[in-house]
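Peer 1: this one's structure only:
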């Protein structure tokens, strides 16, 4: 599992490629490796196709879609699976971070 973080946000949070980060929303938290990229500042991208069911032993972290709201657009009735307010924090630096 990974989370894409904007270059400016990575600087602000002192993140480097591969750092383990926690993404927290009102519904819970997940941990993933940071990928620093060209995403818009202030936005995180977490693929919601992965999670604990992908680990052979079933002990993996929660899936990204568990952090999103259980709500629907009032007009289209489309579920709001792809947006949620979230906070970001580094948990652990990548093992090879000092080599950068």
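Peer 2: All right, it came through fine. Quick caveat: nothing in here was measured; it's all calculated off a predicted structure. Numbering: from 1, shown residues only.

Peer 1: for the residue of the chain most remote from its centre, helix, strand, or coil?
Peer 2: When distances are taken from the C-alpha mean of the chain, residue 75 lies farthest, 28.4 Å away, according to Cα atoms, centre = their mean. Residue 75 falls in the coil class when you classify it by DSSP: H, G, I helix; E, B strand; the rest coil.

Peer 1: So which bits of stretch 84-98 are buried?
Peer 2: When burial is assessed from 16 or more other Cβ atoms under 10 Å, stretch 84-98 yields the following buried residues: 84, 86, 88, 90, 94. C-beta coordinates here come from the backbone N, C-alpha and C atoms, glycine included.

Peer 1: Give the pairing partners of the helix or strand encompassing the third one; include direction for each.
Peer 2: Under DSSP states H and E, the secondary-structure element containing residue 88 is strand 87-92. Neighbouring strands of strand 87-92 in its sheet, by DSSP bridges, are strand 20-25 (antiparallel).

Peer 1: ok, then the element right after the strand it pairs with?
Peer 2: Moving on from strand 20-25 towards the C-terminus, the next helix or strand you reach (DSSP H and E) is strand 28-37.

Peer 1: so what strands line up beside the helix or strand following that next one?
Peer 2: Using DSSP H and E, the helix or strand that directly follows strand 28-37 along the chain is strand 44-45. The sheet places strand 44-45 alongside strand 2-6 (antiparallel), with pairing taken from DSSP bridges.

Peer 1: hmm, back to that, how distant is the strand holding residue 88 from the center of its chain?
Peer 2: With Cα atoms, centre = their mean, to the nearest Å as the basis, the distance from the averaged C-alpha position of strand 87-92 to the chain average is 10 Å.

Peer 1: what does stretch 7-25 give?
Peer 2: Taking the mean of its C-alpha atoms, stretch 7-25 sits 9 Å from the chain's own mean (Cα atoms, centre = their mean).

Peer 1: Buried ones in it, by neighbour count?
Peer 2: For stretch 7-25, burial by neighbour count (16+ other Cβ under 10 Å) applies to 9, 10, 15, 16, 18, 19, 21, 22, 23, 24, 25.
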